[in-house]
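J.: output the structure for:
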Amino acid sequence: MTQSHTTFQLQYANESRIETQLDSASIHLVRDTSRAPTFFQGKLADPLLFREAMSSLYQVYASDLRYKGRDRTAYLQYLQKQAAKDPSSAKSAAQMRQAEEHLLAQLEADSDEASDILDPLLTVHPDEAFLEVFSKDESSYARLSLQWDLFEEVADLTYGTTCVDFSQAWFDALQKLRSYKNTHVDMGEDGLQVGGEDTTPEPKALKIPDSWLRGFVQVQAAATLPMTSFSLDPIDLYNVLIYLRGNKSKQGPRGLRYELIPGEAPRIILEPTEQLFFGQGQAYEGRQPKIVRTWGRRRLFVLQRLLPFVKSIQVHTLGSGLPTFYVLDMGAMSLTLGLSGWTNQNWGASAQFDAMLPQVDLKKKTLTSLTKMLESSSSMELSHVMEDLGTDKATTLAALQTLCQRGLVTYDLHREVYRYRSISEEPLDHERLKYRNEREAKANELLTLNETSDPPLIQITKLNHVLGSGTEIHGEIEDRAAFRTYQSSFFIDLDGRITRTKCSSPWFQRTQGKEGPSEYVLALLLMYRQQEAEREALRAAGDDRKIIVAETRTLTRRKRTQETVYQLTLDHKQVRIQWGPRDKKPKRQTLLFNDETGAREAYFARLDQLTSQGYIDTNA
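T.: Below you'll find the predicted structure:
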């Protein structure tokens with residue numbers, strides 16, 4: 001099936017290149033001449049820092065950690081040769097047919113599938129220049145900021161945004177850059193002056209998958225959400241990477257867990273070996289202890305060359321199994337690395353982060369004024385945008401988010417400002433990119449209708465929490481357009497991945513989940529996440545103890561290298577308790593009560609007791 005895509009026409013007069021002499025070097029990054037000129041040039045004060053930072057940026061750009069099946073082309077060619085020796089044999093005919101079908105299918109897939117990615121975006125603003133890349137596997141985003149202090153001299157500043165040519169040959173030449181050479185950078189040149197000849201720019205047609213573009217703009221949505229933040233010392237990350245390099249885990253889960261305790265430096269635990277690293281950086285400044293689990297830790301290796309130059313690392317995370325941003329401060333440069341929940345969960349396939357922001361009906365005049373305001377000032381803080389636009393916070397955030405989805409605005413986590421940056425000449429079609437398929441659109445439509453329906457269309461009928469494994473969710477979804485009610489269920493593991501999906505809908509019965517979850521499973525998932533978010537809001541306000549009748553919390557306490565885990569489950573008139581060392585079979589106890597009030601009081605009393613004993617609520 002052909003993947004939906006957007007075509008970009010880029011024009012490069014030449015390839016980016018690096019010219020070296022005995023005591024000097026010139027770095028040329030050629031821009032897309034079909035867009036407005038965007039350019040600057042300068043002499044580098046620290047060529048090594050520039051080399052390592054640009055190398056890390058390229059590694060993110062070229063990164064593709066998706067599973068790749070074994071290439072069977074050589075084997076199938078062998079079958080063809082064997083079949084040719086005895087064409088009359090039935091076995092030979094079957095081998096020839098198998099080889100031809102496979103090769104034809106591969107050729108058809110290679111010709112139809114949109115697999116290109118957009119070249120790096122270069123943006124030049126009065127206070128800095130920055131480059132943005134998004135990986136081919138759609139799980140990693142990087143933004144490299146170049147402060148003007150990085151250069152001894154800066155000239156010919158031309159503000160704007162354009163694409164620049166980025167190739168393996170340019171990356172290989174960059175590795176030869178040395179600190180003793182005077183290095184000059186031409187960032188965004190047109191490339192027409194080579195040899196003094198008249199050259200016509202050759203068009204470069206890119207078929208960008210819509211999932212790639214959707215993921216790129218989802219990064220901006222995630223970056224603007226409230227997050228848990230803490231600091232790491234560069235040596236902390238170095239210790240983790242050096243251990244991972246020498247110790248490969250042969251079984252899962254291969255998570256990286258942060259233990260955040262107020263007043264103490266973050267602790268880092270590598271799963272499944274439970275290798276513990278005590279942080280050397282600043283103490284965590286949050287008010288409550290937290291545990292955050294992340295996956296896809298191999299992607300952190302793109303930072304290893306930068307660590308000797310890094311002064312501090314700020315980590316911003318949306319929570320366990322959700323995107324995490326690493327902001328590396330190198331003085332004159334900063335690198336922001338955004339990672340999705342895990343490698344196989346790309347940004348486009350993850351939660352709709354833009355839906356988590358305020359939903360406000362916007363006027364076209366508001367969006368037009370905001371676009372002109374940001375374009376003229378390049379970057380603005382949220383408070384200044386609210387003041388100049390004359391709108392409240394909810395309306396301002398909604399307007400900024402709309403421009404992010406159109407590819408016109410990016411959020412700078414390092415400086416906490418919104419910046420004008422256009423991905424393409426024309427704004428992206430947000431409505432086309434909003435959902436991956438019709439099932440996802442239908443699920444969101446059901447969720448919207450559920451808010452005004454009485455009785456509700458989507459009901460969670462059963463929650464089954466399994467210690468150390470995940471949660472099983474069952475529910476009923478009424479589709480009034482189809483005059484049917486469907487039963488759906490799924491299991492969400494500790495990694496946040498959805499497995500064991502079941503649904504009574506005809507489409508799911510026909511496909512058996514081979515083409516993904518049905519719209520009713522997706523609607524149930526969205527309802528579950530919405531209820532979890534509401535429960536967290538009640539917990540933060542202290543109102544959860546009055547109304548909650550069913551929930552599960554996992555608490556942990558560490559003494560040196562020994563970790564004890566408690567799981568408390570409130571299930572209407574029951575309280576179930578499981579406890580013991582993490583690496584051993586837990587003990588179990590069930591308490592029965594006459595009413596829900598008694599069970600709730602006992603549940604929260606036990607929870608308070610464990611908290612006073614130093615246990616950390618991993619669900620907080």
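J.: so residue 300 belongs to a helix, correct?
T.: Yes. Checked against DSSP: H, G, I helix; E, B strand; the rest coil, residue 300 lies within a helix.
J.: for residue 543, give me the pLDDT.
T.: In this prediction, residue 543 carries a pLDDT score of 67.
J.: chain neighbours aside, what residue packs nearest to residue 238?
T.: Spatially, and ignoring its direct neighbours in sequence, residue 238 is nearest to residue 307 (5.2 Å; Cβ to Cβ, 6 or more residues apart in numbering). The way it works is simple: take the backbone N, C-alpha and C, and place the C-beta from them, glycine included.
J.: how about the helices in the stretch 101-250 of the chain?
T.: 168-174, 210-223, 234-246 (DSSP state H, counting those that start in this stretch).
J.: quick one, what contacts residue 304?
T.: By Cβ atoms under 8 Å, 6 or more residues apart in numbering, the contact list for residue 304 reads 238, 241.
J.: cutoff 7 Å now
T.: Neighbouring residues of residue 304 by Cβ atoms under 7 Å, 6 or more residues apart in numbering: residue 241.
J.: quick check: phi and psi at it.
T.: The phi and psi values for residue 304, taken as degrees, to the nearest 10, are phi -60, psi -30.
J.: so for the nearest residue to residue 147 once chain neighbours are set aside, what pLDDT did the model give?
T.: Residue nearest to residue 147 in three dimensions, not counting chain neighbours: residue 332, with 4.7 Å by Cβ to Cβ, 6+ apart. Listed pLDDT for residue 332 reads 93.
J.: mind checking how far residue 332 is from residue 315?
T.: 22 Å (Cβ to Cβ, to the nearest Å).
J.: quickly, which of the helices of the stretch 101-250 of the chain bottoms out on average pLDDT?
T.: helix 210-223 (a mean of 85).
J.: tell me what it is packed against?
T.: Of the remaining helices and strands, those touching helix 210-223 by 3 or more Cβ pairs under 7 Å, 6 or more residues apart in numbering; DSSP states H and E are strand 5-12, strand 128-134, helix 393-405, strand 409-412, helix 430-433.
J.: can we see that at 6 Å?
T.: Counting contacts by 3 or more Cβ pairs under 6 Å, 6 or more residues apart in numbering; DSSP states H and E, helix 210-223 is packed against helix 393-405, strand 409-412, helix 430-433.
J.: so for that helix, what gets flagged as buried?
T.: Buried residues in helix 210-223, defined by neighbour count with 16 or more other Cβ atoms under 10 Å: 210-223.
J.: can you check stretch 417-435 too?
T.: Buried residues in stretch 417-435 (16+ other Cβ under 10 Å): 417-424, 427-428, 430, 433-435.
J.: now it: how far from the chain's centre is it?
T.: 17 Å (Cα atoms, centre = their mean, to the nearest Å).
J.: tabulate the CA atom coordinates of that stretch in PDB.
T.: Extracted in PDB, the C-alpha atoms of stretch 417-435 (Å, rounded to 0.1, in the frame of the first residue of the first chain):
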ATOM      1  CA  VAL A 417      11.000  31.200  23.800                       C
ATOM      2  CA  TYR A 418       8.900  30.700  20.700                       C
ATOM      3  CA  ARG A 419      10.700  31.200  17.400                       C
ATOM      4  CA  TYR A 420       9.400  31.800  13.900                       C
ATOM      5  CA  ARG A 421      10.600  29.100  11.500                       C
ATOM      6  CA  SER A 422       8.900  28.000   8.400                       C
ATOM      7  CA  ILE A 423       9.400  24.300   7.400                       C
ATOM      8  CA  SER A 424       8.200  25.100   3.800                       C
ATOM      9  CA  GLU A 425       7.300  28.100   1.700                       C
ATOM     10  CA  GLU A 426       3.600  27.400   2.300                       C
ATOM     11  CA  PRO A 427       2.100  26.400   5.700                       C
ATOM     12  CA  LEU A 428       1.600  22.700   6.200                       C
ATOM     13  CA  ASP A 429      -1.900  21.300   5.800                       C
ATOM     14  CA  HIS A 430      -2.500  20.500   9.500                       C
ATOM     15  CA  GLU A 431      -5.900  18.900   8.900                       C
ATOM     16  CA  ARG A 432      -4.400  16.300   6.600                       C
ATOM     17  CA  LEU A 433      -1.500  15.600   8.900                       C
ATOM     18  CA  LYS A 434      -3.500  15.500  12.100                       C
ATOM     19  CA  TYR A 435      -4.400  11.800  12.100                       C
END
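J.: can you list contacts of that stretch?
T.: Stretch 417-435 is contacted by residues 123, 161, 210, 213-214, 374-375, 378-381, 400, 405-412, 441 when judged by Cβ atoms under 6 Å, 6 or more residues apart in numbering.
J.: got it, and stretch 27-46?
T.: 10-14, 16-18, 50, 124, 151-158, 160, 162-165, 183-191, 201.
J.: sorry, back to before: measure the residue nearest to residue 238 to residue 387 for me?
T.: Using Cβ to Cβ, residue 307 is found at 40 Å from residue 387.
J.: go ahead and confirm residue 327 touches residue 314.
T.: Yes. Residue 327 is within contact range of residue 314, at 4.4 Å (criterion: Cβ atoms under 6 Å).
J.: excluding covalently adjacent residues, which one is nearest to residue 459?
T.: Residue 459's closest residue in space is residue 476 (Cβ to Cβ, 6+ apart), at 5.1 Å.
J.: what's the weakest-modelled helix or strand in the protein?
T.: helix 90-112 (a mean of 61; mean pLDDT, DSSP states H and E).
J.: for the helix or strand hosting residue 523, packing partners?
T.: If you go by DSSP states H and E, residue 523 is part of helix 519-541. With contacts defined as 3+ Cβ pairs under 6 Å, 6+ apart, the packing partners of helix 519-541 are helix 438-450, strand 470-479, strand 484-493, strand 498-503.
J.: of all those, which one comes closest to residue 66?
T.: Within these, the stretch nearest residue 66 is strand 498-503; the backing value is 18.1 Å (Cβ to Cβ).
J.: that closest one pairs with which strands?
T.: strand 484-493 (antiparallel) (DSSP bridges).
J.: sorry, back to before: which of the buried residues of stretch 417-435 fall in helices?
T.: 430, 433 (DSSP state H).
J.: tell me the domain boundaries of this structure?
T.: Following automatic domain parsing, the chain resolves into domains at 1-14+25-225+321-352, 228-317, 355-433, 438-541, 548-617.
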